[in-house]
Every structure is written in C-alpha cells, then in structure tokens.
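Peer 1: what follows is a predicted structure for the sequence shown.
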Amino acid sequence: MNALEQILPPIIKIIIAIGIIFPFIWWATVSVKNYLNRVINPLVATLLSRIVYYFALLLGGIFILQLMGIQTSALIATMGIVGIGLSLAAQTSLSNIISGIFIVMENNIKIGDQIIFDEMKGTVDSVNLFSVYLHTDDNKFLRIPNEALLKRPFINLTYFPEKRETKNNH
C-alpha cells in the first residue's frame, strides 16, 4: 500500500475523484465546442462536443468504479460487444448521421436553397443529422435521407448568387 491509500479512506478518494473528474469533463466539453465553433459548422461542433462529453463521462465512470474496487475489465469487454451489436442494428441510422455530418461540413445545402433531387424540386426547410426536409413548389413535404442525398447527384439551384443565361446559337 502506498502512503495515499493508508491516509485516505476509499470514500474520500471517490469524492475527490468526482470533484476533479466532473469539472474537467465540463471544461473539456466547453473547450472543444468553443474551438470547433470557430473552425467548423456549429451543428457538427455540437455533435462532436457531445461525443467528447459522453466519452469522457464513460472514462470517468470507469475510473471511479476502479477506485471503488470493482473489476472493470469484464464491463469494458461487455460494452465493446454491446457497441458492436448496436452499431450493426443501427447501421442505417449511423450512415445517415455520418452523411449528415458530411453534408453540413461541405456546406453545399443551406436553409432556403432550392434543390432538385430525383426530379423533385423544393426549398430546403431544415438540414438535420438524419435527413433534409424540403417544401415542394406544390406545397408538399419531402424528406430526403442524408445517405441518399450524399450518394446520388442533386442540383442546388440557388448555390451561386447570380444566374447566368446561356444563348442558343441555332
């Protein structure tokens, strides 16, 4: 036993760890989000900062469980297996989320843009992590999954600020 283990009872070590870990997690999350907001799209920055938050929370929880004397190796292995199972079950959702991140990062579709996708034309109402919502010219709602939008070509009619007319020389 080292000197710290002899002086501090386990509950005090856990309280000190919680007092250090949770403020650190808050600071890391806020710092990552503030930095990313300056360099990338705020939607992606928010998503990535939430990933950092949950990952740090998981690591902090594992550390506290170890301080309590609980063996975490089996827990970590179980979480890995569960993670693989969940990722396989949620493959389409994860694909749409990842595609949504790419769409937001590319910044080639914005709210208010008029796009044509699979011969359907509409105005972009929102760009979300799972899909893009359009309001069609004939007053219909159209939801396009992000994966489909990323895999197939679309036309953004309002991407460039000015339209150019071409003349036919027949």
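Peer 2: Done, it's in. Numbering: from 1, shown residues only.
Peer 1: spatially central residue in this structure, please.
Peer 2: Nearest residue to the geometric centre of the chain (C-alpha atoms, centre = their mean): residue 47, 3.3 Å.
Peer 1: what about the strands in the chain?
Peer 2: 114-117, 120-127, 131-136, 141-145, 154-156 (DSSP state E).
Peer 1: how about those strands in JSON lines, adding mean pLDDT and distance to residue 22?
Peer 2: Every C-beta, even on glycine, is put in place using the N, C-alpha and C of the backbone. Below are the strands of the chain laid out as JSON lines (pLDDT from 0 to 100; distance: least, C-beta to C-beta, whole Å):
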{"stretch": "strand 114-117", "mean pLDDT": "93", "distance to residue 22": "44"}
{"stretch": "strand 120-127", "mean pLDDT": "91", "distance to residue 22": "33"}
{"stretch": "strand 131-136", "mean pLDDT": "92", "distance to residue 22": "35"}
{"stretch": "strand 141-145", "mean pLDDT": "94", "distance to residue 22": "37"}
{"stretch": "strand 154-156", "mean pLDDT": "91", "distance to residue 22": "44"}
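Peer 1: any idea which of these gets closest to residue 89?
Peer 2: Among the strands of the chain, the nearest to residue 89 by C-beta to C-beta is strand 141-145 (17.3 Å).
Peer 1: that closest one pairs with which strands?
Peer 2: strand 131-136 (antiparallel) (DSSP bridges).
Peer 1: buried ones in the partner strand?
Peer 2: Within strand 131-136, the residues that qualify as buried are 131-134, counting by 16 or more other C-beta atoms under 10 Å.
Peer 1: and what of stretch 59-72?
Peer 2: Buried-residue list, stretch 59-72, by 16+ other C-beta under 10 Å: 60, 64.
Peer 1: just use 2 as the starting number from now, easier for me
Peer 2: Okay, using 2 as the starting number, the last item reads as stretch 60-73.
Peer 1: which residues touch it?
Peer 2: Counting contacts by C-beta atoms under 8 Å, 6 or more residues apart in numbering, the residues outside stretch 60-73 that touch it are 11, 14-15, 18-19, 22-23, 25-26, 76-77.
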